[in-house]
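A.B. asks: pasting the sequence and the predicted model now:
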Amino acid sequence: QVQLVQSGGGWVQPGGSLNLSCAASGLPLDNYGTAWFRQAPDPEKAREGLACIVKSDGSTYYDDSVKGRFTISKASAVYLEMNDLKPEDTAIYYCNAKNLGGWSYWGQGTQVTVSS
């Protein structure tokens, strides 16, 4: 059974840091492009892509909203290091793995809350 299992997240004050992990079961991460998304509390806002690692060459890309603050990496799992967090970063965060065949898998989601 293919699963992406997330861990990390929680509550932090503005300016703080949190780390997210996404472990794969039944899925060889080396064969997949990987990414982190988030869903803000506002139901009118679409799920937002934050960062990704391209399978072919390991290049990383970031949305402007998190560039310079968040870092995506991949080893035995996929990670998202989040620094200088802001209240507007409050959301449910999801990891995603997708291959060239179009198979796409999602983690279960992790709440990140940034408030004082």
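C.D. replies: Thanks, I have the structure now.

A.B. asks: just the strands from the chain, written as ranges.
C.D. replies: 3-8, 10-12, 18-25, 33-39, 48-53, 60-62, 70-74, 77-82, 91-98, 104-106, 110-114 (DSSP state E).

A.B. asks: buried stuff in the third one?
C.D. replies: By that I understand strand 18-25. Residues 18, 20-24 are the ones in strand 18-25 that count as buried (16 or more other CB atoms under 10 Å). From N, CA and C alone the C-beta is placed, and that goes for glycine too.

A.B. asks: just checking: what are the partner strands of that strand?
C.D. replies: Within its sheet, and counting by DSSP bridges, strand 18-25 is paired with strand 3-8 (antiparallel), strand 77-82 (antiparallel).

A.B. asks: distance between it and the chain's centre?
C.D. replies: Averaging C-alpha positions (CA atoms, centre = their mean, to the nearest Å) puts strand 18-25 8 Å from its chain's average.

A.B. asks: now it: mean pLDDT?
C.D. replies: Regarding strand 18-25, the rounded mean pLDDT is 97.

A.B. asks: what is the orientation angle of that strand with strand 70-74?
C.D. replies: 20 degrees (axes from the mean of the first three to the mean of the last three CA atoms, to 10 degrees).

A.B. asks: what's in contact with strand 18-25?
C.D. replies: Residues from elsewhere that reach strand 18-25, judged by CB atoms under 8 Å, 6 or more residues apart in numbering: 1-10, 12, 34, 36, 76-82, 85, 93, 95, 97, 107, 110, 112.
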